[in-house]
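**Q** Predicted model, plus sequence, below.
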Amino acid sequence: MNRKISSLFFAFLFVFVSGLAIAQHTSEGEEPAEKIEQKEGFDATKMIMEHIGDSNEWHLWTTKDDNGEEHHVSVPLPVIIKDNEGWHTFLSKSIAHGHEHDGYTLEEGQVVSTKGIQKATLFSIISGKQKANEVFFDLSITKNAASMFLSVIFMAVIFMGMARNYKKSQLPKGAGKLLEPVIVFIRDEVAIPNIGSVKYKRYMPYLLTAFFFIWFNNLFGLIPFFPFGANLTGNIAITAVLAIITLLITLFSANKDYWKHIFMPPVPILLYPIMVPIEIIGIFTKPFALMMRLFANVTAGHIMILAIISLIFIFRSPFLGFASVPLALFVSVLELLVAALQAYIFTVLSALFIGIAVAEHEHEHGHEEHAH
């Protein structure tokens, strides 16, 4: 009941204040929102896409001088390029804001060639659409890559510190007081129920790593200042790699019962031409669902918050701030819950897929008959 009242209150507040803002513009005879956006140069779509996308520089803020000229403040990142002329290494500030260096420049935060050379992509190289000697390979440390390194260092410091403390005493200290219950929860409520009390230990390192990596980066993405704010878990390449790791662990851990169920399902043999392809497709749809669920939910949360805040600048009304800011704050609090929830869901489903692959159905069935 309280949740419904809160939702209705925020909805009413947003609609009411939005109405006041629109009425204010109408009474003052101002231009429609589309013309305002074009006139002022504020592009909400561009701002949102720049935030959720990757970049070769870490943009902090933009200021304007007395002449109206913009000055961008960014943290430069290493640019590493391999083309037919060799290796090129320099900082992104050398090619930022229209500058050119070694035949490369930055356009909307991405490295592009000023010589008309295309950037190499994996699928284009594999399919033969691109030739290795006619493209450049971008191995740069982007914003998401830098954020990933920072999160890995953070996790290493935290958990190595916990390990040192446990060597001295079994009582948790510092961060261990907060994280030990989470680790025990993953073991008792995720790994053991889905994988089994016999085989769960060998998969605990991956399950814990996946959970904390996703959870920490989800939280870091909600902090709107450097060195945080990167949309790492909202990058489909990151979620794809995590899903592929789950797939590989599942396939290489699978026993004969798992493969028998795939290629010899318990159905009449006449249905094999239908069921076997479906089972094979199911092997790949499971990690695909893992990838898309994490990517879509994290990205949607960032877009929602930024879109709500953007309304203030689109309508140029202080009245709208009284609705947009509380609503954005409310959504941000929900995103704190979503950050943990998405990490939990990914870990549970990974454990479930692994558990299905390692389950020994016939062996367990024989034990049950022996017990009876």
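**A** Great, that's in hand. The model shown is predicted, which means the values in this text are computed figures rather than measured ones.

**Q** shouldn't M275 be in contact with P268?
**A** No: when contacts are counted by CB atoms under 8 Å, M275 is not listed as touching P268 (9.4 Å). Placement of C-beta: from N, CA and C, glycine included.

**Q** So these two - more neighbours on which side?
**A** Neighbour tally, M275 and P268, criterion other CB atoms under 10 Å: the higher count belongs to M275, 18 against 8.

**Q** Just the pLDDT for the more buried one.
**A** Looking at M275, its pLDDT is 90.

**Q** Identify the residue nearest it in space, chain neighbours excluded?
**A** P265 (4.7 Å; CB to CB, 6 or more residues apart in numbering).

**Q** what's near enough to touch that neighbour?
**A** P265 is in contact with L271, Y272, M275, V276, E279, counting by CB atoms under 8 Å, 6 or more residues apart in numbering.

**Q** and the second one, what helix or strand is that in?
**A** Using DSSP states H and E, Y272 sits within helix 272-315.

**Q** And that helix, what does it pack against?
**A** Here helix 272-315 touches helix 2-27, helix 33-40, helix 44-52, helix 204-222, helix 236-253, helix 256-263, helix 318-358, going by 3 or more CB pairs under 8 Å, 6 or more residues apart in numbering; DSSP states H and E.

**Q** Provide the backbone phi and psi angles at the residue positioned nearest the centre of the chain.
**A** Nearest to the mean C-alpha position of the chain, counting by CA atoms, centre = their mean, stands T233 at 1.3 Å. Phi and psi for T233, reported as degrees, to the nearest 10, are phi -80, psi -10.

**Q** wait, it sits on L222?
**A** No: at 10.8 Å, T233 does not count as touching L222 under the criterion of CB under 8 Å.

**Q** Can you tell me the SS state at S197?
**A** Look at S197: counting by DSSP: H, G, I helix; E, B strand; the rest coil, its state is coil.

**Q** How much space separates it from S350?
**A** According to CB to CB, to the nearest Å, S197 and S350 sit 18 Å apart.

**Q** Comparing these two, which residue is more hemmed in?
**A** Neighbour totals were compared for S197 and S350, and S350 leads with 29 against 9 (other CB under 10 Å).

**Q** In contact with the residue nearest to the centre of the chain, which residues?
**A** Residues near T233 by CB under 8 Å, 6+ apart: I214, N217, N218, G221, T239, L294, F295, V298, Q342.

**Q** switch the cut-off to 6 Å
**A** Listed by CB atoms under 6 Å, 6 or more residues apart in numbering, the contact partners of T233 are I214, N217, N218, V298.

**Q** now N133, nearest residue through space, not along the chain?
**A** Nearest to N133 is N84, by CB to CB, 6+ apart, at 5.3 Å.

**Q** Got the phi and psi for the one you found?
**A** phi -70, psi -10.

**Q** tally of neighbours for it?
**A** N84 has 10 neighbours, counted by other CB under 10 Å.

**Q** What does the pLDDT read for it?
**A** Reported pLDDT for N84: 86.

**Q** what's the answer for the one 5 residues further on, then?
**A** The score at T89 is 90. That number is its pLDDT.

**Q** Wait, a helix at it?
**A** No: counting by three-state DSSP, one finds T89 to be strand, located in no helix.

**Q** quick one: contacts for it?
**A** I80.

**Q** now do 8 Å
**A** Residues near T89 by CB under 8 Å, 6+ apart: P78, V79, I80, I81.

**Q** Look up which helix or strand the closest residue to the first one other than its chain neighbours falls in, please.
**A** Meaning P78. Among residues not flanking P78 along the chain, I141 sits closest, at 4.6 Å (CB to CB, 6+ apart). Using DSSP H and E, I141 is not contained in any helix or strand.

**Q** got it, and the one 5 residues further on?
**A** Assigned by DSSP H and E, A146 belongs to helix 143-168.

**Q** following that helix, which helix or strand comes up?
**A** Following helix 143-168 in sequence order, the next helix or strand is helix 176-185 (DSSP H and E).

**Q** So what touches that next one?
**A** By CB under 8 Å, 6+ apart, helix 176-185 touches I158, F159, M162, N165, Y166, P172, L208, F211, F212.
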